[in-house]
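# Sequence plus the predicted model coming up.
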Amino acid sequence: MSTHAKTRIVGSPVPRKEGVDKLLGRARYVDDIEREGMWHGTTVRSTIPRGLVQSIKFGRHIDWTEFAVVTAADIPGENHIQLIFADQPCLADGRVNHCDEAILLLAHPDKCKLREAAAAVHIDYESLPPVFTIEESERQDTIVWGADNVLKSFLLEKGDVDSAWTGAAHVVEGEYRTGAQEHLYIENNGCIAEFSAEDGVTVWGSLQCPYYVHKSLLAVFHLPEDKVRVIQTETGGAFGGKEDYPSTLASHAALLAMKCGHPVKMVYDRMEDLAATTKRHPSRTRHRTALDANGKLLAMDIDIATDGGAYSTLSSTVLSRATLHSPGPYVCPNIRVRGRAWATNTVPYGAFRGFGAPQAIFAIERHMDEIAASLGMDPIELRRRNFLHDGDTTATEQGMREPVILDKLLDRALAESGYHAKRALFVKQNATSAVKRGMGVAAFYHGSGFTGSGERYLNSLAGIDVTGGKVRVLVSSTEFGQGTNTILTQIAAEAIGLDYEDVVMAPPDTGIVPNSGPTVASRTSMVVGRLIERASRQLVALLQDQVGLANSFTPDEFFGACERYRAARGEVVSLCRYEAPPNIFWDDQKYSGEAYPAYAWSVHVAQVAVDTVTYSAEVEEFWAVQEVGKVLNPVLAGGQIEGGVAQGIGYALYEKVLLQNGHMVNNQMTNYIMPTAEDVPSIHVYFEEIPFSYGAYGAKGIGELPHDGPAPAVLNAVRDAVGVSFNTIPLMPEDLLAKLNAPLLVEEAATA
Amino acid sequence: MSRNWPAIELVVNGDKRSVQAPPMRRLLDVLREDLHLTGTKEGCGEGECGSCSVRMNGELVNSCLVPLLQAQGATIQTVEGLAIDGDLHPLQQAFLNCGGAQCGICTPGMLIAATHLLANNPHPSMAEIREGLAGNLCRCTGFKRIFDSVLAAGQIKGPTPSESHAR
């Protein structure tokens, strides 16, 4: 097996493929690109959360003949954004379902004229009653989506939960809430579109999934596949925030380009990006757990509700992943998970690193500490007694066929962090200090790749060709900082037997590369990487078979063989299609079977200081131990973990989306606060490697895993520090003040 | 657009440049659109993220907050001015080796802020690096490898970053 072979390039810290361009400032992001005769576009958006558009009036002080104006009536094809369902309009047509919904588009050659013109478009509405919270949506007094406001529901059942309560020694209940979170990629969403009758639509954009945008444009324009071309430009961060939204933006820019006959650039400024684009789903999770006298889990009854916003977008798949991650990495004979995504009149929530798992894992890992407190048990010991091991089955009856080393990860995390010694020290120090310190742990898995049958449906195609004296990797999997370019070229170079410099990426252009699936779900290393590994070996075998390439060869001999093949038979290309690992079975109806082909595992430890004078909580140090299969590039892999942990700390303590009347009111970097260079603690990262037989050189997924653990680890540490439980994130100083100050207020009242 | 704005003279990365543009035009837009130096990025437009950081007369500024008028006669250094004869500057090389750049959008501003830090303090401590980069947001890295890059650059013998733009 390749997974156990010694490798030259895979596993080594080769430099980032596009690194030099980024460091010299010559990498071309979408706003760095100009097209001949280019105009600029902007969007006129709804100012109410729900209602009917009664009239659109254009101010007389603007010369509208200079502008291109697009409404829903200009759409040549379907007025919807094609995703899982087709309920979201490309442009609102008479009805709006959230603030900042796009109603009308404007383009002009001079971008300075757009702001005044957009302000001169006056829209009158008849307001309809809006729904803003999960609880309001659940009441179903006002129906804002479908028949019952339910965007999606799941029911997962294992064993017999209902009969487990009577014999239980302990039953512990808890409710946990998570807020919305903004991706805050530093490059806002942006796109350039061109339209011509001959060539159809071409777009260049900051995006994750070229073929998602492609599919959406086909529907909006009613064009054949070869008349839509999508090209990813260098992308300045995405984190899921450029998974589905670019389909909307690309459609808008292309409609304007069709209307005005010029290329049109639309680049959002920060306020528009924050107000109008997707965020992480807010959630509420209720746990009811039965345990025996020894702290072994007997039953878990879990109810997850997410706020999906005004349209279904990706809420169903986010809820699916939340459902499947909600029982945590534990063995339990009786499990019931009820998941529902509720519609509200806010901007649709979407994909964000972790994709439902951070919400679910916050709940279970916070709940485990609450159980431990309720039983008077060490939270570490409670986890150990219930961890999944080899051969155990998960909530979906998936057997653990690959080694599970949670105990080892936990041991290492405790040892590296000095957990026990620090706790003992803090207990002593806290007694006399206004700054209370604590340690918190979270243990979790993250399923790699698409859920259930997802990868089979995607049926991805990827490969390599030989062009211009280099091997080119042909994928629609995009680079947006995670390292796609680097690891895929490492894999091809390794598998063929070339140098890293001999392999390059083909342009991420749907006119050139096949559909290797979306760049999401921690699937690039494991799934797409595997396709590149297979395609590389396939090409070598072909050259050996057809043009006499020897068993061992130099790069010159390899490329010489490629040219002989080209002369004799034409293009030198090798493509492979996805093949599921054997014995994988998934039942979409019962929600049982192999939920994911592989799992990445991790234990996080947070050291937190809570200042009881200022009520600030600060993470002082952080340890992340994980098993992600083979580490393909240690520098990039470390960077993924550190970056994910930093985002997770922001999710726990800093980042709060404030909505008023369904509109984000802190839509600026001034008042939506992410951790800075002075806020992020020292983050210590450790890998244990167990190669996965069906991933590229043994790789599993890595990108989302690190965002799952920080929030529960940090809030568990807060509880350890102050002895008070906080079950909602973000945990802001005002929340600490309100709860920690309560006894003080009671004391004052008593002495008054 | 067609008005005859007074010419503003400035020196960018060692080259004399003359710009005729509205005096309140943002230096960021002048660099990107008038001088086609698109290495400098816009992240927030309000001086919070530092993506548009440039050095102006040896000071670190957010170019989105500087009107062109204020740059009359100024010496400006952008990311395009860091490389030495087209080769990576040791600071850039350190970012490449240490993994200090991921998506790359904050990188030009981060490099300029680090250049400024190292110009005033060639061997900064970790605490000084954290403070020196506190005005530059990175959403990808969690900053650790950026700190490592600057620490590494602080130990490399070579031209100090402040000298490199004088060609």
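Cool, got the structure. Since we're looking at a predicted model, the values are computed, not measured.
# CA atoms for contacts and neighbours, from now on please.
Fine.
# mean confidence score for the strand or helix carrying residue A:42?
Using DSSP states H and E, residue A:42 maps to strand A:39-45. In this model, strand A:39-45 has a mean pLDDT of 98.
# Give me the sheet partners of that strand and which way each runs.
With DSSP bridges as the test, strand A:39-45 is paired with strand A:102-108 (antiparallel), strand A:264-267 (parallel).
# and the next element down the chain from it?
strand A:51-58.
# Buried residues of that following strand, list them for me.
A:51-53 (16 or more other CA atoms under 10 Å in any protein chain shown).
# Now do that strand against strand A:102-108, angle only.
20 degrees (axes from the mean of the first three to the mean of the last three CA atoms, to 10 degrees).
# thinking again about what came up before, and the strand holding residue A:42, how far out from the chain middle?
How far strand A:39-45 lies from its chain's middle: 28 Å, per CA atoms, centre = their mean, to the nearest Å.
# Show me the contact partners of that strand.
A:99-111, A:114-115, A:118, A:121, A:253, A:256, A:262-266 (CA atoms under 8 Å, 6 or more residues apart in numbering or on different chains).
# number of nearby residues for residue A:432?
9 (other CA atoms under 10 Å in any protein chain shown).
# And the one 10 residues further on, by the same measure?
Other residues near residue A:442 come to 32 when the count uses other CA under 10 Å.
# Packing partners of the one helix or strand it maps to?
Using DSSP H and E, residue A:442 falls within strand A:435-448. For strand A:435-448, the packing partners by 3 or more CA pairs under 8 Å, 6 or more residues apart in numbering or on different chains; DSSP states H and E come out as helix A:357-375, helix A:419-430, strand A:598-611, helix A:705-708, helix A:710-722.
# So what angle separates the directions of the third one and strand A:435-448?
Compare the direction of strand A:598-611 with that of strand A:435-448 by the same axes, to 10 degrees and you get 170 degrees.
# Counting by contacts, list what strand A:598-611 packs against.
Strand A:598-611 packs on helix A:406-417, strand A:435-448, strand A:617-627, helix A:705-708, helix A:710-722, going by 3+ CA pairs under 8 Å, 6+ apart.
# follow-up on the earlier one: would you turn the buried residues of strand A:51-58 into CSV with pLDDT and distance to residue B:61?
Listed next are the buried residues of strand A:51-58 as CSV, based on pLDDT from 0 to 100; distance: CA to CA, whole Å:
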residue, pLDDT, distance to residue B:61
A:51, 98, 45
A:52, 98, 46
A:53, 98, 45
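# what's near enough to touch the residue nearest to residue A:86 when sequence neighbours are not counted?
Setting aside the residues directly before and after it, residue A:86 is nearest to residue A:80 in space (CA to CA, 6 or more residues apart in numbering or on different chains), at 5.8 Å. Shown in contact with residue A:80 (CA under 8 Å, 6+ apart): A:86-91, A:219-220.
# Could you look up the SS state of residue A:80?
Following DSSP: H, G, I helix; E, B strand; the rest coil, the label given to residue A:80 is coil.
# remind me which residues of the chain are low pLDDT?
Reading this off chain A. A:1-5, A:742-752 (pLDDT under 70).
# My question was about chain B, not that one.
Those would be B:1-2, B:156-167, if you go by pLDDT under 70 across chain B.
# For it, just list every one of the strands.
Secondary structure of chain B (DSSP state E): strands at B:7-12, B:15-20, B:53-56, B:59-62, B:75-77.
# wait, which of those is closest to residue A:380?
Smallest distance to residue A:380 across the strands of chain B (CA to CA): 45.9 Å, for strand B:53-56.
# one step back: most neighbours, which of the contacts of residue A:80?
For the contacts of residue A:80, neighbours tallied by other CA under 10 Å; top is residue A:91, 27 neighbours.
# buried stuff in the very next helix or strand once past the strand holding residue A:442?
Scanning forward in sequence from strand A:435-448 by DSSP H and E, the next helix or strand is helix A:454-458. By neighbour count on 16+ other CA under 10 Å, the buried set for helix A:454-458 is residue A:455.
# Can you show me the CA trace of helix A:454-458 as PDB?
Output of helix A:454-458 as PDB, limited to C-alpha atoms (Å, rounded to 0.1, in the frame of the first residue of the first chain):
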ATOM      1  CA  GLY A 454     -22.600  12.600  -1.000                       C
ATOM      2  CA  GLU A 455     -19.300  11.600  -2.700                       C
ATOM      3  CA  ARG A 456     -21.100   9.000  -4.800                       C
ATOM      4  CA  TYR A 457     -23.500  11.600  -6.000                       C
ATOM      5  CA  LEU A 458     -20.700  14.100  -6.700                       C
END
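# List the neighbours of it that are in contact with it.
Contacts of helix A:454-458 (CA under 8 Å, 6+ apart): A:449, A:517, A:578-580.
# Direction included, what does the helix or strand following that helix pair up with?
Using DSSP H and E, the helix or strand that follows helix A:454-458 towards the C-terminus is strand A:461-467. Sheet pairing of strand A:461-467 (DSSP bridges) gives strand A:470-474 (antiparallel), strand A:573-577 (antiparallel).
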